[in-house]
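Participant: Model the structure of this input:
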Amino acid sequence: MNISVVSSGAWGYAREELADIIGVTHGRRPEGEDHFENCYLSDEQKVRSCEICGELGADRVKASTGYGSGGATMEDLALMRADSPPHVAAKAAEGVRELHEAKVGLGLTPLGATTSSAPAGY
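Facilitator: Numbering: from 1, shown residues only. Predicted coordinates for the structure are as follows:
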């Protein structure tokens, strides 16, 4: 999502821009991911972004690109999972270190992380 547009509260423009992108990527493999840069957004902006993605039929939302000042947090991921409809996958990546907690505790799939820890035999 366009961070400048979301940060400014121009939700109509954000929705139109995202609708265009989803229209091109939806149903393709690999599926499209709508990246937020949660380290720069308020909880209200994260929630509204998830709602828009759900309304537009996005494939999945992801909390971070890995290029911002911080990665995903478990709190962000819990918020995104709670505020995205079931048909929108919430992806954990960039900052998540506890694989078991993200997958089992929050029910996130798919998972993407550069490093993680998991229980033996997981």
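Participant: Quick one: the helices in the protein, in order.
Facilitator: 3-8, 11-25, 43-56, 74-83, 99-100 (DSSP state H).
Participant: just checking, Asn2 touches Trp11?
Facilitator: No: with contact defined as Cβ atoms under 8 Å, Asn2 does not count as touching Trp11 (11.2 Å). All C-beta spots, glycine's among them, are computed from the backbone N, C-alpha and C.
Participant: any chance of the helices of the chain in TSV, plus mean pLDDT?
Facilitator: Formatted as TSV, the helices of the chain follow (pLDDT from 0 to 100):
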stretch	mean pLDDT
helix 3-8	93
helix 11-25	91
helix 43-56	94
helix 74-83	86
helix 99-100	54
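Participant: possible to save the ones you listed as JSON lines with mean neighbour count and distance to Asp34?
Facilitator: Shown next, in JSON lines, are these (neighbours: other Cβ atoms under 10 Å; distance: least, Cβ to Cβ, whole Å):
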{"stretch": "helix 3-8", "mean neighbour count": "16", "distance to Asp34": "11"}
{"stretch": "helix 11-25", "mean neighbour count": "15", "distance to Asp34": "7"}
{"stretch": "helix 43-56", "mean neighbour count": "18", "distance to Asp34": "5"}
{"stretch": "helix 74-83", "mean neighbour count": "19", "distance to Asp34": "10"}
{"stretch": "helix 99-100", "mean neighbour count": "15", "distance to Asp34": "22"}
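Participant: Of all those, which one is nearest Gly32?
Facilitator: Of all the helices of the chain, helix 11-25 sits nearest to Gly32, with 3.2 Å by Cβ to Cβ.
Participant: okay if I get the helices of the chain as TSV plus distance to Phe36?
Facilitator: As requested, these are arranged in TSV below (distance: least, Cβ to Cβ, whole Å):
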stretch	distance to Phe36
helix 3-8	8
helix 11-25	11
helix 43-56	6
helix 74-83	8
helix 99-100	21
